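In: Take this sequence and fold it.
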Amino acid sequence: MSFDKHPIGDLEGPAVSSDEGLTRHDLVKRTAAVGAALALPSFLVEPAGAALEQGRPRRGGRLRAGYVGGGTSQTLDPNNPAATIEGGRTGLIYDRLVRLNYPYVLEYRLARSFEPYRNRPDEWIIRLRRGVTWHDGSPFTADDVLYTLNRVRNPKNGLQGRNVTDMIDFPRVKKLDRWTLRIPLKRANSEFPYFFWDPNWNIVKNGTTDFNKPNGTGPFVFDSWTPGQRTLVKRNPNYWEPGVPYVDEVALLEIPDQTARLNALLSGQIDWMESPTYTQVRANRSSRNARMIEALGQSIIPIYMAVTLRPFRDVRVRQAMRLIADRPALVQAAQLGFGDIGNDLFGKGVRFYHEGLPQRRQDIDRAKSLLRAAGQSDLRVTLYSSNVWAGVLESATVFAQQAKKAGVTISVKNVPSDTYFGSAYLKQNFAQSLWFGEPLITHYAKNMVRNANYPETHWGDSRTQLLYNEILATLSPKRKRELFYEFQRIQWNEGGYLIWGSFPGFSGVSNRFRHRSIRTSASYFAHAWLAG
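Out: Numbers count the residues shown, from 1 in each chain. So this is what the prediction gives:
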């Protein structure tokens, strides 16, 4: 198997909450679903050596994709997918206003543009793509977007995305014509379009209440679905994007067992497989029958320290813990060397990420000095961990061993994965978490600003709140970059996250699998074809 590596407070401010009504466990499950289902395994760039993009696209055939699956308790609701196969299915049948491409920049889809009205970020003009039709033949219009916004807004529906609808001043929303909307906000938000990145923001047809026979605008038309087994979709001959899709059909097969899923790929029963393990990737890199694709994204398994709780109220203790970490060793031990080292900031490689800060490295002597100055030379602390994701418990165990060199005793407490993000979450002073790739601004909204739903580090610093507010208030890219950099500088020096590395996603593909645009997530199967 060939192996290709693809880089890839206390002040008044905007009340930007995240995923209202969801628990953190739900958020992890759902974000993992859309992240894994809609990527190969994340965003791809031109590889060294043989590429997925080879030759002219070939039309026809059935592409078979092997997913972990979601059992029989699934949904066809495109605004509420949970399992990875649900995210994959809705992404083929429906479209969104925007999509993210590497490095987390917007690609317009059903929206042709988002423009600040009169150059003010507290009101936006959304111009929609014309000539798009639903699978039933009716035209796509602004009424469909308005219906979707109001559907998500309604708390009785229990849908994701209310973090977006809570920003909107609905009584003042106006449809300017069939393909143009004016969306006033309650507060300025120059990053407003980025909040629609989430793949749960599929647009549904005006008036739809029954999703058992999905009717989308996407590249494939729903054919059949057997919960817990398979989904079949067929090529949409009237898709708005010229020339695609290439294949006639896509079959999404549920293969929960990791070994069975890999064997199906190696034996030619499927053309694409989700989530091979690190061990499987290493063991099968020499196979002639398939390829493993790695994307170095910015999904992370951080260790977090609550800055309001002892002993981490003292910034010197937080700095010492960061200096204890041997980051290359953590990546090697927890992820078999796959991934990249981190620098205690979320979003490596993403728009406005601060590349200019020095790479933090292990410095045991300096760590001891800081702990001594803080009166914590014999620090003993419990690190809460879990098997909630590959590499979480492994990295906690390795870090505890590393801490002994600085005289720090860390007891690792393994919490069952089904309760890890339960009632104790956000109350612990020292624990691990899991975050998948997204724009910086939406990540900050979730855990670092006023009214954030998941304030893991208890961060409430007034300086970063003011910076966040100004980021949302300015349209100047130059000024925005300065503000993002200062926000990250404060976090790098004083924050509560120890981000030792990023973990990669993997997918396996057969030697027949090809993809037209390797800058787009390759399980966007509209751009895929099967070589002869």
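
In: Any buried residues in stretch 476-484, and which?
Out: Residues 480, 482-484 are the ones in stretch 476-484 that count as buried (16 or more other Cβ atoms under 10 Å). Backbone N, C-alpha and C define where each C-beta goes, glycine included.

In: In helices only, show me the residues you listed.
Out: In helices, judged by DSSP state H, the following of those are found: 480, 482-484.

In: now the helices for this structure?
Out: 24-37, 84-93, 142-153, 162-165, 258-266, 278-283, 315-324, 327-335, 364-373, 392-403, 440-447, 462-473, 477-494.

In: deepest of those helices, which one?
Out: helix 84-93 (a mean of 27; mean count of other Cβ atoms under 10 Å).

In: What mean pLDDT does that helix get?
Out: In this model, helix 84-93 has a mean pLDDT of 92.

In: picking that back up, can I get the ones in helices among the buried residues of stretch 476-484 in JSON lines including distance to Val105 and pLDDT?
Out: Shown next, in JSON lines, are these (distance: Cβ to Cβ, whole Å; pLDDT from 0 to 100):
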{"residue": "Lys480", "distance to Val105": "14", "pLDDT": "98"}
{"residue": "Glu482", "distance to Val105": "19", "pLDDT": "98"}
{"residue": "Leu483", "distance to Val105": "18", "pLDDT": "98"}
{"residue": "Phe484", "distance to Val105": "14", "pLDDT": "98"}
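
In: Export those residues as CSV, with columns for distance to Arg235.
Out: What follows is those, written out as CSV (distance: Cβ to Cβ, whole Å):
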residue, distance to Arg235
Lys480, 41
Glu482, 47
Leu483, 45
Phe484, 42
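
In: Number of residues surrounding Gln229?
Out: 12 (other Cβ atoms under 10 Å).

In: picking that back up, out of the ones in helices among the buried residues of stretch 476-484, which one sits closest to Trp272?
Out: Distances from Trp272 to those, taken as Cβ to Cβ, are shortest for Phe484 (35.5 Å).

In: Contact partners for the nearest residue in space to the closest one that is not next to it in sequence?
Out: Take Phe484 and drop its neighbours on the chain: the residue closest to it by Cβ to Cβ, 6 or more residues apart in numbering is Phe352, 4.0 Å away. Phe352 is in contact with 440, 480-481, 484-485, counting by Cβ atoms under 8 Å, 6 or more residues apart in numbering.

In: Could you single out the nearest of those residues to Gly339?
Out: Leu440 (19.6 Å).

In: Now for the closest one: which residues touch it?
Out: If you count contacts by Cβ under 8 Å, 6+ apart, Leu440 has them with 346-347, 350-353, 484.

In: change it to 6 Å
Out: Counting by Cβ atoms under 6 Å, 6 or more residues apart in numbering, Leu440 touches 347, 350, 352.

In: ok, the second one touching Tyr104?
Out: Spelled out, it's Val350. Yes. Counting by Cβ atoms under 6 Å, a contact exists between Val350 and Tyr104, whose distance comes to 4.6 Å.

In: Could you check which of these two has the larger neighbour count?
Out: Tyr104 (24 against 21).

In: Which pLDDT value goes with the more buried one?
Out: Reading off the model, Tyr104 has pLDDT 74.

In: cool, the one 5 residues further on as well?
Out: In this prediction, Arg109 carries a pLDDT score of 96.

In: Quick check: it touching Asp95?
Out: Yes. Assessed by Cβ under 6 Å, Arg109 is found in contact with Asp95 at 5.4 Å.

In: Just give me the closest of the ones in helices among the buried residues of stretch 476-484 to Asn284.
Out: Phe484 (40.0 Å).

In: how's the chain carved up into domains?
Out: For the chain, the domain assignment from automatic domain parsing gives the residue ranges 2-295+505-530, 303-502.

In: what about the protein, any weak spots by pLDDT?
Out: Scanning the chain for pLDDT under 70 picks out 1-54, 102-103, 295-297, 517-523.

In: let's see it at 80
Out: Along the chain, the parts satisfying pLDDT under 80 run over 1-55, 101-105, 286, 294-298, 516-524, 532.

In: circling back to that earlier point, as TSV, the helices of the chain with distance to Gly422 would be great.
Out: Below are those laid out as TSV (distance: least, Cβ to Cβ, whole Å):
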stretch	distance to Gly422
helix 24-37	7
helix 84-93	22
helix 142-153	26
helix 162-165	22
helix 258-266	26
helix 278-283	27
helix 315-324	25
helix 327-335	24
helix 364-373	31
helix 392-403	15
helix 440-447	17
helix 462-473	28
helix 477-494	27
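
In: and Pro214, which of those is closest to it?
Out: Among the helices of the chain, helix 84-93 comes nearest to Pro214, with 4.9 Å by Cβ to Cβ.

In: helices or strands next to that closest one in the packing?
Out: helix 24-37, strand 220-226, strand 249-254 (3 or more Cβ pairs under 6 Å, 6 or more residues apart in numbering; DSSP states H and E).

In: So what angle separates the directions of it and strand 249-254?
Out: 170 degrees (axes from the mean of the first three to the mean of the last three Cα atoms, to 10 degrees).

In: Residue numbering should commence at 36 henceforth.
Out: Yep, numbering from 36; the last one is helix 119-128 now.
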